[in-house]
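A.B. asks: Below: sequence and its predicted model.
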Amino acid sequence: MENQRESHMQQRKKRRVVLFPLPLQGHINPMLQLANILYDKGLSITVIHTNFNSPNTCNYPHFDFCSIPDGLLEGGASTSDVIALIELLNVNCVVPFRDCLAKLLSNVEEESIACLITDTVYHFTQPVADSLKLPWIVLRTSSISSFLAFAATSLLHEKGYFPIQDSEAEAPVQEVPSLRMKDIPIIETHDAENFYQLLVRSMSQTKASSGLIWNSFQELEQDALTTLQRDFRMRIFPIGPFHKYFPASSSSLLSQDKSSISWLDKQAPKSVLYVSFGSIAAVNETEFLEIAWGLANSGVPFLWVVRPGLVRGFEWLEPLPKGFLEMLDGRAHVVKWAPQQEVLAHPATGGFWTHNGWNSTMESICEGVPMICQPCFGDQLVNARYVSHVWRVGLHLEKRLERGEIERAIRKVILEAEGQEMRDKIMQLKKKVDVSLRQGGSSYQSLESLISYIESF
Ligand code: UDP
């Protein structure tokens with residue numbers, strides 16, 4: 001890798017890119033992966049980050065880091081209301097971010113700063129970049145399809161469609177093929193109007209940016225990409241999946257329990273269900289117990305990530321009945337956080353029960369692991385619909401969480417022909433991923449044009 005970078009550096013003059021990740025796990029991972037991808041192509045990297053959920057800088061000795069105060073703890077922010085958290089960041093970071101960026105611009109001697117790359121939901125960064133005359137590119141960490149769904153949500157809100165009535169839940173959304181009204185990516189917050197405001201702002205800032213980078217690939221989302229190109233008429237770079245260039249382990253905020261892998265090593269090929277709902281989703285005690293009994297009754301071995309805080313009001317596993325795990329006699333392994341990409345790539349992993357965060361969905365596709373979809377909010381609802389009804393590589397658990405339903409879904413995906421069909425289909429997608437990343441492939445070419453574009457500033 002270092003040789004590849006050296007040769008890029010010799011061919012091109014030195015340029016620096018400044019990146020600013022949103023401090024949530026599902027946003028930090030792709031932004032730091034992107035930073036590594038750009039570094040390998042010969043660009044120098046500076047990461048501006050908040051104190052809240054700050055990345056482990058020791059894992060990136062080749063980057064420069066600048067920390068800015070975010071005032072989040074004083075504001076009582078938490079990931080239980082993501083929209084409120086994002087709003088607070090968009091207010092609190094304006095001055096420290098502008099000061100930090102201005103200082104960086106005035107300090108640089110041998111290398112000039114080519115551009116700023118920020119997360120789309122940081123809408124305050126556009127006026128800052130404009131006032132400093134710095135080109136500004138945005139990274140969208142979700143799928144292209146869910147971005148279009150967010151754009152449609154904004155329109156539907158203007159037309160007065162919300163809140164959705166039960167009688168309309170199954171109705172198709174004209175603006176986004178394949179979605180029903182109940183798949184619209186709503187995110188609950190203390191004041192619904194804040195969510196719609198954020199949508200409007202981030203859509204208009206996205207349109208005003210110099211370009212849009214996606215952690216997705218053309219072959220997976222061709223139709224959505226065509227619509228995006230038609231509606232947004234801007235430079236678009238689908239260069240994903242990022243984690244195939246660099247694993248996310250170095251940007252993990254929680255320590256990954258490696259016992260997951262030694263436990264998987266003892267299991268039969270494709271026999272294990274991996275269960276994780278990501279870094280934010282939470283369930284109540286009743287749902288947690290239904291999940292636990294559904295897993296137990298399925299008879300299938302399972303590796304279960306129970307993140308501290310997953311069950312609202314509890315520290316960790318306290319709601320489980322006494323002796324529950326012992327009763328399973330080695331068929332279950334429970335961890336607080338797993339090395340997810342290694343788990344999905346392990347030969348023993350046969351299925352993934354997921355909340356369909358975009359990173360998890362892409363990681364599953366890249367390893368050819370069929371899914372059970374359990375979306376909780378926002379883009380997860382759209383991803384689940386695409387996984388189950390467009391790409392047909394997963395089963396959507398749509399009804400309320402109930403142990404009998406869960407048991408049947410698990411057996412279908414791991415043990416029955418339906419699961420095998422999904423596995424065959426997702427293996428086809430996996431092959432397309434590999435082709436897109438190879439020389440001449442769609443993501444490969446898109447990355448080349450992104451690099452030339454950045455160097456043209
Ligand atoms: N992840 C992990 N260990 C776990 C669960 C998740 O390393 O036990 C990683 C996963 O590989 C992914 C990220 O955390 O890169 C979660 O992002 P995603 O978009 O799937 O969901 P979010 O956490 O944003 O809801």
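C.D. replies: Perfect, thanks for sending it. Residues are numbered from 1 along each chain as shown.

A.B. asks: if you go through the stretch 151-300 of the chain in chain order, where are the strands?
C.D. replies: Taking DSSP state E, counting those that start in this stretch as the test, the strands found in the stretch 151-300 of the chain are 211-214, 236-238, 272-276.

A.B. asks: Could you dump those strands into JSON lines and include mean pLDDT?
C.D. replies: Written out in JSON lines, the entries for those read as follows (pLDDT from 0 to 100):
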{"stretch": "strand 211-214", "mean pLDDT": "98"}
{"stretch": "strand 236-238", "mean pLDDT": "98"}
{"stretch": "strand 272-276", "mean pLDDT": "98"}
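
A.B. asks: Kindly reformat those as JSON lines containing mean neighbour count and distance to Leu303.
C.D. replies: (Each C-beta comes from the backbone N, C-alpha and C, glycine too.) Rendered in JSON lines, the data for the strands of the stretch 151-300 of the chain read as follows (neighbours: other CB atoms under 10 Å; distance: least, CB to CB, whole Å):
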{"stretch": "strand 211-214", "mean neighbour count": "24", "distance to Leu303": "30"}
{"stretch": "strand 236-238", "mean neighbour count": "22", "distance to Leu303": "31"}
{"stretch": "strand 272-276", "mean neighbour count": "25", "distance to Leu303": "5"}
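
A.B. asks: Same list, the ones you listed, but as JSON lines with distance to the ligand please.
C.D. replies: Formatted as JSON lines, those follow (distance: least, CB to the nearest ligand atom, whole Å):
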{"stretch": "strand 211-214", "distance to the ligand": "14"}
{"stretch": "strand 236-238", "distance to the ligand": "17"}
{"stretch": "strand 272-276", "distance to the ligand": "4"}
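
A.B. asks: if I pick the residue of the stretch 1-150 of the chain found nearest the ligand, what's in contact with it?
C.D. replies: As assessed by CB to the nearest ligand atom, the ligand sits closest to Gly26 within the stretch 1-150 of the chain, at 2.0 Å. When the contact criterion is CB atoms under 8 Å, 6 or more residues apart in numbering, the partners of Gly26 are 141, 278-280, 357-359.

A.B. asks: just Ser255 next, same as before
C.D. replies: Trp337.

A.B. asks: residues in contact with the longest helix seen in the chain?
C.D. replies: Counting by DSSP state H, the longest helix found in the chain is helix 417-437. The contact list for helix 417-437 (CB under 8 Å, 6+ apart) reads 217-220, 241, 244-245, 270, 350-351, 364-371, 391-395, 412-413, 441-444.

A.B. asks: do stretch 101-113 as well
C.D. replies: When contacts are taken as CB under 8 Å, 6+ apart, the neighbours of stretch 101-113 outside the stretch itself are 14-18, 44, 46, 48, 66, 116, 128-129, 132, 134.

A.B. asks: Any of these buried? List them.
C.D. replies: Applying a neighbour-count criterion of 16 or more other CB atoms under 10 Å, the buried members of the contacts of stretch 101-113 are 15-18, 44, 46, 48, 66, 116, 128-129, 134.

A.B. asks: and the chain, which of its residues are near the ligand?
C.D. replies: Selection of the chain residues close to the ligand by CB under 6 Å from any ligand atom yields 25-26, 29, 248, 252, 256, 276, 278-281, 305, 337-338, 340-341, 357-360, 363.

A.B. asks: Show me what Val272 is bridged to.
C.D. replies: Going by DSSP bridges, Val272 is paired in beta bridges with Thr349.

A.B. asks: circling back: so of the buried ones among the contacts of stretch 101-113, which ones are in strands?
C.D. replies: When DSSP state E defines the strands, the subset of the buried ones among the contacts of stretch 101-113 inside them is 15-18, 44, 46, 48, 66, 116.

A.B. asks: Dump those residues into CSV; add pLDDT as well.
C.D. replies: Rendered in CSV, the data for these read as follows (pLDDT from 0 to 100):
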residue, pLDDT
Arg15, 94
Arg16, 96
Val17, 98
Val18, 98
Ser44, 96
Thr46, 97
Ile48, 98
Cys66, 97
Leu116, 98
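
A.B. asks: Show me which of those is closest to Cys376.
C.D. replies: The shortest gap between Cys376 and any of these belongs to Ile48, at 29.6 Å (CB to CB).

A.B. asks: So the closest one is in contact with Pro96, correct?
C.D. replies: No. Using CB atoms under 8 Å, Ile48 makes no contact with Pro96, being 9.1 Å away.

A.B. asks: who touches both of these two?
C.D. replies: Common neighbours of Ile48 and Pro96, counting by CB under 8 Å, 6+ apart, are Ile68.

A.B. asks: Can you report how many residues neighbour Gly330?
C.D. replies: Residue crowding around Gly330 was assessed by other CB atoms under 10 Å; the count is 11.

A.B. asks: so where's the stretch 351-457 of the chain uncertain?
C.D. replies: Applying pLDDT under 70 to the stretch 351-457 of the chain flags no residue at all.

A.B. asks: where do the strands sit along it?
C.D. replies: According to DSSP E, counting those that start in this stretch, the strands that the stretch 351-457 of the chain contains are 371-373, 394-396.

A.B. asks: Let me know which of these is tucked in deepest.
C.D. replies: For these, the largest average neighbour count (mean count of other CB atoms under 10 Å) is found in strand 371-373, namely a mean of 26.

A.B. asks: picking that back up, which of the residues of the chain next to the ligand fall in helices?
C.D. replies: Cross-referencing these against helices under DSSP H gives 25-26, 29, 340-341, 358-360, 363.

A.B. asks: Contacts made by stretch 220-240 with the rest, please.
C.D. replies: Where contact means CB under 8 Å, 6+ apart, the residues beyond stretch 220-240 that reach it are 37, 143-145, 147-148, 151, 177, 206-207, 209-218, 362, 365, 391, 429, 432-433, 442-443, 446-447, 449-450, 453.

A.B. asks: nearest spatial neighbour of Leu139, skipping sequence neighbours?
C.D. replies: In space, and not counting its chain neighbours, Leu139 is closest to Ile213: 4.7 Å by CB to CB, 6 or more residues apart in numbering.

A.B. asks: Quick one: residues contacting Ser336.
C.D. replies: Careful, residue 336 is Lys and not Ser. For Lys336, the contacting residues are 254, 257, 305-308, 316, by CB under 8 Å, 6+ apart.

A.B. asks: Could you rerun that using 10 Å?
C.D. replies: In this structure, Lys336 makes contact with 254-257, 305-310, 316-317, judged by CB atoms under 10 Å, 6 or more residues apart in numbering.

A.B. asks: cool, and Trp353?
C.D. replies: Contacts here follow CB under 10 Å, 6+ apart; on that basis Trp353 touches 273-277, 291, 294-295, 302, 304, 371-374, 394-395, 397, 406, 409-410, 413.

A.B. asks: For the residue of the stretch 351-457 of the chain found nearest the ligand, which non-adjacent residue is spatially closest?
C.D. replies: Residue nearest to the ligand within the stretch 351-457 of the chain (CB to the nearest ligand atom): Gly357, separated by 2.3 Å. Leaving out its chain neighbours, the residue that sits closest to Gly357 by CB to CB, 6+ apart is Gly278, at 4.4 Å.
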